[in-house]
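> just to be clear, the model below is a prediction. Sequence and coordinates:
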Amino acid sequence: MSHYLFIQSQDPFTETRTHHQFDLIGQLYDAGHKVAVLLVQNGVTPARRGAKSDLFDDLLRWGVTVRADQFALAQREIDHADLKDQVGVADMDLVIDAMLAGHKVIWH
Amino acid sequence: MKVLQVIDQAYRTTTEEQDDTILWLTQSMRGAGGDLMVLLSGHGVHYAISRERQPALTLGTWRQTQPAELPRDIANLVESGVPVYAIQGDLEERGLGGLALQNGVRPVARRAVADLYEQADQVWHW
Amino acid sequence: MSDTKTLTFAFMEPPFESERTVTFFRLLDAALDRGAGVRVFAYEGAVALAFARQQPHGNAVHHRDSEEEDHPLTKDWIAALQEKARSKGIGFEWINCGLCVDERGVNDVIEGCGRGGPPDLWRYASEAHNTLTIGTR
């Protein structure tokens, strides 16, 4: 089993590539790997409660760990309480810890 | 250490750089002993079916003399022992599914991409 | 960097163009906070991040002169991270792709930023505990 952390800067509202990116994340998760996603930049936008993205909601439904960058949230005035239930808040140290732990850290 | 280079874009600066900067980077690192694989995805799959030199740009009195040779760059990678893959689904999305791939470029099903990720120690997504 | 883990970052964005730049610098800062040594390979437009002739400016729309505006410059961010690494006794190295520097004419870089090429990225990555690449679009 491998550990993956995807840093998701692309969002499903403007980037159609996220469709395949989320599919790949789901495939790795289904294959039994430990997969987490950190939403950064406009990547946080589908995490807001009420945001309409079936692609993103599938990630949550599958059980993939999803965190959103607190700085990107603050920029967009999104409070923790505004996030969908399964989305947590994190900072860049999440990435650094994953890198130091030898996880596969991949920028999307 | 084996690295998978995921090239997800195409033609971003191929005119002014006279190559694809990540294909170039990969060739150079291979020359330095890098153990590398290349996955062409997204628009990057265009490189898998490229046959001709890029068009030469003309602007005013300036004319380009050395436009990019993407088929050569792909061939050089393959010949140097770098496996080059192209996602079949991305080819098909773009109407390229029926075209022959460059010699040595291997099609890979989207469902098999996760296996490629597992074969590498690191995945560098560009 | 003998007793600390080193992380390598490859980055391609030029200054003042993309939100990625801020994320990238925050990652470097977080790495130093964790006590990790940092090595950066700046590729393509990212070589201008260390350009020494970056100048702050005032902003008439903001009704502030240059001193009041205190405009952010990426060369200052690099210098600040260099200083932070020094104070913590850990390594912070920065190599610009030399050909990328030449074609952009940004040869005048701040102290502590060197010049190299893709073999340096491979060396950095081979010697590092882990590597993250952030491309451009």
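Yes, it's here.
> tell me the residues of chain C that contact chain B?
Within chain C, the positions lying close to chain B (Cβ under 8 Å from any Cβ of the partner chain) are C:10, C:12, C:43-44, C:117-119, C:121-123, C:125-126, C:130-131, C:133, C:135-137. (Glycine included, C-beta is placed from N, CA and C.)
> buried subset of those as a ChimeraX selection?
This is the ChimeraX syntax for the buried subset of the residues of chain C next to chain B, where burial follows 16 or more other Cβ atoms under 10 Å in any protein chain shown:
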select /C:10,12,43,44,117,118,121,122,123,125,126,130,131,133,135,136
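> now, which of the residues of chain C next to chain B lie within strands?
Taking DSSP state E, the ones among the residues of chain C next to chain B that sit in strands are C:10, C:130, C:131, C:133.
> would you map the strands across chain B?
Along chain B, the stretches classed as strands by DSSP E are B:2-7, B:35-40, B:58-59, B:62-63, B:84-87, B:105-108, B:122-125.
> the residue lying closest to residue B:4 once chain neighbours are set aside and residue B:108, how far apart?
Spatial nearest neighbour of residue B:4, excluding adjacent residues (Cβ to Cβ, 6 or more residues apart in numbering or on different chains): residue B:120 at 3.7 Å. Using Cβ to Cβ, to the nearest Å, residue B:120 is found at 13 Å from residue B:108.
> quick one: buried residues of the helix or strand hosting residue C:75?
Using DSSP states H and E, residue C:75 sits in helix C:74-88. Residues C:74, C:75, C:77, C:78, C:79, C:81, C:82, C:84, C:85 are the ones in helix C:74-88 that count as buried (16+ other Cβ under 10 Å).
> so how far is that helix off the chain centroid?
With Cα atoms, centre = their mean, to the nearest Å as the basis, helix C:74-88 stands 9 Å off its chain's centre.
> note down every partner strand of the helix or strand just after it and its orientation.
Counting by DSSP H and E, the element after helix C:74-88 in chain order, helix or strand, is strand C:92-97. Sheet pairing of strand C:92-97 (DSSP bridges) gives strand C:37-42 (parallel), strand C:113-116 (parallel).
> okay, those, which one's buried deepest?
Of those, the one with the most neighbours on average (mean count of other Cβ atoms under 10 Å in any protein chain shown) is strand C:37-42, at a mean of 26.
> got the angle between that one and helix C:74-88?
160 degrees (axes from the mean of the first three to the mean of the last three Cα atoms, to 10 degrees).
> and strand C:37-42, C-alpha only, in PDB?
Extracted in PDB, the C-alpha atoms of strand C:37-42 (Å, rounded to 0.1, in the frame of the first residue of the first chain):
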ATOM      1  CA  GLY C  37      16.500  21.600   4.400                       C
ATOM      2  CA  VAL C  38      15.100  23.100   1.200                       C
ATOM      3  CA  ARG C  39      16.500  22.900  -2.300                       C
ATOM      4  CA  VAL C  40      14.800  24.800  -5.100                       C
ATOM      5  CA  PHE C  41      15.200  24.300  -8.800                       C
ATOM      6  CA  ALA C  42      13.600  27.300 -10.600                       C
END
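> tell me the average confidence for that strand?
Averaged across strand C:37-42, pLDDT comes to 98.
> coming back round to it: for the helix holding residue C:75, list the C-alpha coordinates in PDB.
Extracted in PDB, the C-alpha atoms of helix C:74-88 (Å, rounded to 0.1, in the frame of the first residue of the first chain):
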ATOM      1  CA  THR C  74       9.600  37.700  -4.500                       C
ATOM      2  CA  LYS C  75      13.300  38.400  -4.200                       C
ATOM      3  CA  ASP C  76      12.600  39.600  -0.700                       C
ATOM      4  CA  TRP C  77      10.600  36.500   0.100                       C
ATOM      5  CA  ILE C  78      13.600  34.400  -1.000                       C
ATOM      6  CA  ALA C  79      15.900  36.500   1.200                       C
ATOM      7  CA  ALA C  80      13.600  36.100   4.100                       C
ATOM      8  CA  LEU C  81      13.500  32.300   3.800                       C
ATOM      9  CA  GLN C  82      17.300  32.300   3.400                       C
ATOM     10  CA  GLU C  83      17.500  34.300   6.700                       C
ATOM     11  CA  LYS C  84      15.100  32.000   8.400                       C
ATOM     12  CA  ALA C  85      17.000  28.900   7.300                       C
ATOM     13  CA  ARG C  86      20.300  30.500   8.500                       C
ATOM     14  CA  SER C  87      18.700  31.300  11.900                       C
ATOM     15  CA  LYS C  88      17.600  27.600  12.200                       C
END
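> contacts for it?
With contacts defined as Cβ atoms under 8 Å, 6 or more residues apart in numbering or on different chains, helix C:74-88 is touched by C:15-16, C:21, C:25, C:28-29, C:32, C:35, C:37-38, C:48-52, C:54, C:91-92, C:94, C:109-110, C:112-113.
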